[in-house]
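Asker: Give me the fold of what follows.
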Amino acid sequence: MVDEEKPIKEMRVRDVLALAGRRKRPATVSPDANLSEATDALLKNRETRKVYVVDKDDKLLGTVTLETLLRHTGYRLGVRGTGMTSFIRMLAEISDDKVSEAMAKPVKVLEDELILNVTKLMVENHLNDLPVVDDKGRLVAELNGLDILLMAKRV
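Answerer: Purely as a prediction, here's the structure:
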């Protein structure tokens, strides 16, 4: 049970996730998935702009962002057309390269981290969202900057 009257300075990531109703599992793929599969996972989960790469035990290994997928596609094709048709064609033609070749090391937070520390991390690193992991490094949720704004609006 989350105490909705708890001051934001005392709130932890798990509190914000519960109040915002954000316990839905983010888009994930295995490290041997290709970039086309990562694109499919991203398109199925429109609440995020990242695909999280996890091992068979759900341990977070990396992230592949929408920007990375688009940049990779543009490089592979050698051109970037304009308009929605070109965009859809570009996504459909993503190569079979593995996500492990394109993923970035994740900046992640624990469920018990104070939301003030997380906000500072997000501001200093220009991040809009963060993967949330449990004490074993398993992906449990994604914290979106909008969730923090929602909580800050209460004060």
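Asker: Give me the helix or strand of the protein that scores worst on average pLDDT.
Answerer: For the chain, counting by mean pLDDT, DSSP states H and E, helix 84-92 ranks last in confidence among helices and strands (a mean of 60).
Asker: Tell me which helix or strand comes right after that helix.
Answerer: helix 99-102 (DSSP states H and E).
Asker: which of the residues in that following helix are buried?
Answerer: By neighbour count with 16 or more other CB atoms under 10 Å, helix 99-102 contains the buried residues 99-100, 102. The way it works is simple: take the backbone N, C-alpha and C, and place the C-beta from them, glycine included.
Asker: do stretch 147-155 as well
Answerer: With burial defined by 16+ other CB under 10 Å, the residues of stretch 147-155 counted as buried are 147-148, 151.
Asker: Just the CA atoms of it, as CSV, please.
Answerer: Output of stretch 147-155 as CSV, limited to C-alpha atoms (Å, rounded to 0.1, in the frame of the first residue of the first chain):
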residue,chain,number,x,y,z
ASP,A,147,5.6,10.1,-13.6
ILE,A,148,7.9,12.4,-11.5
LEU,A,149,6.2,15.5,-12.8
LEU,A,150,2.8,14.0,-11.8
MET,A,151,4.1,13.5,-8.2
ALA,A,152,5.8,16.9,-8.1
LYS,A,153,2.5,18.5,-9.2
ARG,A,154,0.9,17.2,-5.9
VAL,A,155,3.1,19.5,-3.8
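Asker: What segments of the chain are strands?
Answerer: Along the chain, the stretches classed as strands by DSSP state E are 28-29, 50-54, 60-65, 109-110, 129-133, 139-144.
Asker: Which one of the ones you listed lies nearest to residue 17?
Answerer: In terms of CB to CB, the element of the strands of the chain nearest to residue 17 is strand 139-144, at 5.4 Å.
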